[in-house]
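K.L.:
I would like to see how this sequence folds:
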Amino acid sequence: MESDVAVSVVLPAYNEEDTIERTVAETLERLETFLPAGSFEVIVAEDGCEDRTPEIASRLAAEDDRVRHVHSDERLGRGAALEYAFRRAEGETLVYFDTDLATDMAHLEELIESVRTEGYDVATGSRWLPDSDADRPKKRGIPSLGYNTLVRVFLRSDLADHQCGFKAIDREAFEALADEVEDDHWFWDTELLVRAQRRGFAVTEFPVSWTPKGDSKVDLVRDVFGMGSQILRTFWQLSVSSRITRTRSMAAGTALVLVALALMTLYLDPSTVLEEMREADPLLIVLSGLVYLISWPLRGYRYRDIFEELGFSTDVGFLTGAIFISQTGNLVFPARLGDGIRAYVMKARRSVPYPSGFASLAVERVFDLLTIAILAGVVLVGLAVGDPARLAGLGAELTNGRESGRIALLVAAAVGVAAIGVTVLIVLTARSERNYVREVVTRLSDDAYAEYVAGVVGRFAGDVQRVASDSRAFARVAVSSVLIWTIDVLTAIVVFAAFNVSLSLVTLGVVCFFAVSVGNLAKVLPLSPGGVGLYEGAFTLIVVGLTPIGAAVALGVAIVDHAVKNAVTIAGGLASMAWLNVSLTTAVEESVEAEENVEPATVQE
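P.N.:
Numbers count the residues shown, from 1 in each chain. The predicted structure is shown next:
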């Protein structure tokens, strides 16, 4: 039998025992004033409550057949609870608003009729339009304005207010968009609005009267890590990843390098840079290459330890060759396509399944990130708590005598402590049955986004856990990671020495560490093969910003440092390709196809 229900109003409820009965009553009373009897329903979407809300909702549903109770045994998150209830609703017009009734219910008819009779696919109330009447406390109003500005700028939304809990959507539009929306909590409706606009659905926004009720505090986990990361994720999906192809990324990378070179000529005389490079000591340049070469067998040993923990065993020489080939692929192809080449080589030459090959890459990357974090933290904290006299001299040298040097070092130390703390938590979680990350995050916030943030970090812990079960293997991988990055920094120090820069060895080490680290992080952007141009630009900016070294010398050092490392990589890659009979073109094609068909590995926490 076909239902007569045309409008379904969903009330998302989490621990609302004090207000839910009054909210349901007011909702029914308001709906009766403009909708025919039997044409609407009110659904209490009870989201794993820990109070009496489920009992009250069940009683209300039993007493009034216009009320339904949709129950979840565990907390789904605000967005997921709404989606769960919408899919079970009977109406063609789907509505929801916050149960605290912060938005004046006098606007309910306008909200519903905008979709039901006026032809809009989505309707939303707004607290930020000129005619809106919203009493916003500064501690929430300023962050809200900033958030909505970010959404408009990065996600190209035309709306003024994305967070107002007063929205309606046509069922057909909901069914078209629901599977695309990935967030489960506070960002859910923002993402729905953004994707609706991108898909060309008719979206209307109207001013409402709004009085704040309930939570008005700024929550670091929810507002910064939760909402902020979701804006970045949606921006990447809608504006970046959907446009990245091999041809486009190659063109963009080439254009970026050309623009950088053109801009460089405005501030630097290229002949000066070339002159600085010509005067560099060639013997020290050769020595830097030999220093860098030492790190490659260490990469092979580390990869062997990772692979053994995944249940495979092979020789270090072969693994070193596979790494050489994959890194050479990253120098030839954009978008770090070389990373997948290693999985192809392992599959083709050692019959290692693709999922295991890609999993080993994830573990290696996580250890690299953890190593950077812990080394950076140690260096930064060391700067702040070391010998005062040496610190004063080092601070002056690092900041070129600027008064802000002391403050900068203190801020850097705070960042260092945070980096060490996060790294320690991840490692402890990986080595224990307890999830220390979740414990710390949930102490900072009781919002459901705390679980989201803890889950993201937990995935890192899960990758570390692949080798953490064996203490010796874990120690070997950790130590080899530190040695690999230390050698990378030593290579840059030797190149600096070839340019005869006048910095103390301690200062030079600190500068090289940050320049190499930031340069390698810049290479992650899938714009140019091997990050050529990106590495040099980031390296130069760090050196010029931290030291009195001129831009010409800094750029010369960056170019030579990267060239030496790339030369060693290419030489090793060519030798390994000949030895293992591997074609880069075939490897890229096979690995891309394989990666598309490999499901992400699940993490046991």
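K.L.:
OK, contacts around Ala558?
P.N.:
Residues in contact with Ala558, defined by Cβ atoms under 8 Å, 6 or more residues apart in numbering, are 515, 519, 535-537, 539-540, 543. Quick note: C-beta positions are derived from backbone N, CA and C, even for glycine.
K.L.:
in this structure, which segments are predicted with low confidence?
P.N.:
Within the chain, the ranges that satisfy pLDDT under 70 run 1-3, 136-141, 214-226, 241-273, 333-339, 376-469, 522-533, 587-605.
K.L.:
which outside residues touch stretch 292-310?
P.N.:
So stretch 292-310 is contacted by 313-317, 319-320, 322-324, 352, 356, 359-360, 363-364, 367, 466-467, 469-470, 473, 476-477, 480-481, 483-484, 487-488, 491, 564-565, 568, 572 (Cβ under 8 Å, 6+ apart).
K.L.:
show me what contacts Lys167?
P.N.:
Taking Cβ under 8 Å, 6+ apart as the test, what Lys167 contacts is 95-97, 111, 122-125, 189, 193.
K.L.:
PyMOL command for the buried members of the contacts of stretch 292-310?
P.N.:
Listed next is the PyMOL selection for buried residues among the contacts of stretch 292-310, using 16 or more other Cβ atoms under 10 Å:
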select buried, resi 314+316+319+320+322+323+324+352+356+359+360+363+364+367+466+467+473+476+477+480+481+483+484+487+488+491+564+565+568+572
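K.L.:
The contacts of stretch 292-310 in strands, which ones?
P.N.:
Counting by DSSP state E, those place none of their members in strands.
K.L.:
In helices, which of the contacts of stretch 292-310 appear?
P.N.:
Judged by DSSP state H, the subset of the contacts of stretch 292-310 located in helices is 316-317, 319-320, 322-324, 356, 359-360, 363-364, 367, 466-467, 473, 476-477, 480-481, 483-484, 487-488, 491, 564-565, 568, 572.
K.L.:
one step back: just the buried residues of the contacts of Lys167.
P.N.:
Using 16+ other Cβ under 10 Å as the burial test, these include 95-97, 111, 122-125, 189, 193 as buried.
K.L.:
and which of those is nearest Thr586?
P.N.:
Using Cβ to Cβ, Leu193 comes nearest to Thr586 of the buried ones among the contacts of Lys167, at 44.7 Å.
K.L.:
Settle this for me: that closest one is touching Ala160, isn't it.
P.N.:
No: between Leu193 and Ala160 there is no contact under Cβ atoms under 8 Å: 11.1 Å.
K.L.:
Tell me which residues are up against stretch 112-126.
P.N.:
Residues outside stretch 112-126 that contact it (Cβ under 8 Å, 6+ apart) are 6-7, 34-35, 92-93, 95, 103, 107, 111, 132, 159-162, 164, 166-170, 172-173, 189, 192-193, 196, 201-208, 210.
K.L.:
in that stretch, what counts as buried?
P.N.:
112-116, 120-126.
K.L.:
What is the most widely separated pair among those?
P.N.:
Greatest spacing in those, by Cβ to Cβ: Arg116 and Ser126 (19.3 Å).
K.L.:
Just the ones of the buried residues of stretch 112-126 in strands?
P.N.:
Using DSSP E, these in strands are 122-126.
K.L.:
Tell me the one of those nearest Arg75?
P.N.:
Arg75 lies nearest to Thr124 out of those, by Cβ to Cβ, at 24.9 Å.
K.L.:
what bridges to that closest one?
P.N.:
Listed beta-bridge partners, Thr124: Lys167, Glu205 (assigned using DSSP bridges).
K.L.:
Please give the number of neighbouring residues around Arg22.
P.N.:
12 (other Cβ atoms under 10 Å).
K.L.:
Helix or strand for it, just tell me which one.
P.N.:
Assigned by DSSP states H and E, Arg22 falls within helix 20-32.
K.L.:
Which secondary structure elements does that helix sit against?
P.N.:
Counting contacts by 3 or more Cβ pairs under 8 Å, 6 or more residues apart in numbering; DSSP states H and E, helix 20-32 packs against strand 7-13, strand 40-47, helix 53-63, helix 108-116.
K.L.:
Okay, angle between the last one and strand 122-126 too, please.
P.N.:
To tie it back to what came earlier, the one meant is helix 108-116. Counting by axes from the mean of the first three to the mean of the last three Cα atoms, to 10 degrees, helix 108-116 lies at 150 degrees to strand 122-126.
K.L.:
okay if I get the helices and strands packed on helix 20-32 as JSON lines plus distance to Arg22?
P.N.:
Formatted as JSON lines, the helices and strands packed on helix 20-32 follow (distance: least, Cβ to Cβ, whole Å):
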{"stretch": "strand 7-13", "distance to Arg22": "11"}
{"stretch": "strand 40-47", "distance to Arg22": "13"}
{"stretch": "helix 53-63", "distance to Arg22": "11"}
{"stretch": "helix 108-116", "distance to Arg22": "15"}
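K.L.:
Mind checking which of the contacts of stretch 112-126 land in helices?
P.N.:
111, 172-173, 189, 192-193, 196.
K.L.:
Redo these as CSV? Include distance to Ser295.
P.N.:
CSV is the format used below for these (distance: Cβ to Cβ, whole Å):
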residue, distance to Ser295
Leu111, 62
Glu172, 57
Ala173, 54
Asp189, 49
Leu192, 48
Leu193, 49
Ala196, 50
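K.L.:
In three-state terms, label Tyr344 for me.
P.N.:
When classified by DSSP: H, G, I helix; E, B strand; the rest coil, Tyr344 comes out as helix.
K.L.:
now it: how far from Phe318?
P.N.:
Going from Tyr344 to Phe318 by Cβ to Cβ, to the nearest Å gives 14 Å.
K.L.:
okay, the two: which has more neighbours?
P.N.:
Neighbours were counted for Tyr344 and for Phe318 using other Cβ under 10 Å; Tyr344 has more, 27 against 19.
K.L.:
Would you mind measuring from that one to Trp128?
P.N.:
Here Tyr344 is placed at a distance of 51 Å from Trp128 (Cβ to Cβ).
K.L.:
What of Ser517?
P.N.:
Going from Ser517 to Trp128 by Cβ to Cβ gives 40 Å.
K.L.:
Check Thr33 too.
P.N.:
According to Cβ to Cβ, Thr33 and Trp128 sit 28 Å apart.
K.L.:
So the two - more neighbours on which side?
P.N.:
Set side by side, Thr33 and Trp128 show more neighbours around Trp128, with 21 against 8, by other Cβ under 10 Å.
K.L.:
Make sure that one is indeed in a strand.
P.N.:
No: using three-state DSSP, the assignment for Trp128 is coil, not a strand.
K.L.:
dump the residue contacts of it.
P.N.:
By Cβ under 8 Å, 6+ apart, Trp128 lies in contact with 134, 144-145, 148, 160-161.
K.L.:
filter the residues you listed to the buried ones?
P.N.:
Judged by 16+ other Cβ under 10 Å, buried ones among the contacts of Trp128: 134, 144, 148, 160-161.
K.L.:
Of those residues, just say which sits nearest to Leu238.
P.N.:
Looking across the buried ones among the contacts of Trp128 and measuring by Cβ to Cβ, the closest to Leu238 is Asn148, at 17.2 Å.
K.L.:
in what helix or strand does the closest one lie?
P.N.:
Using DSSP H and E, Asn148 sits in helix 138-155.
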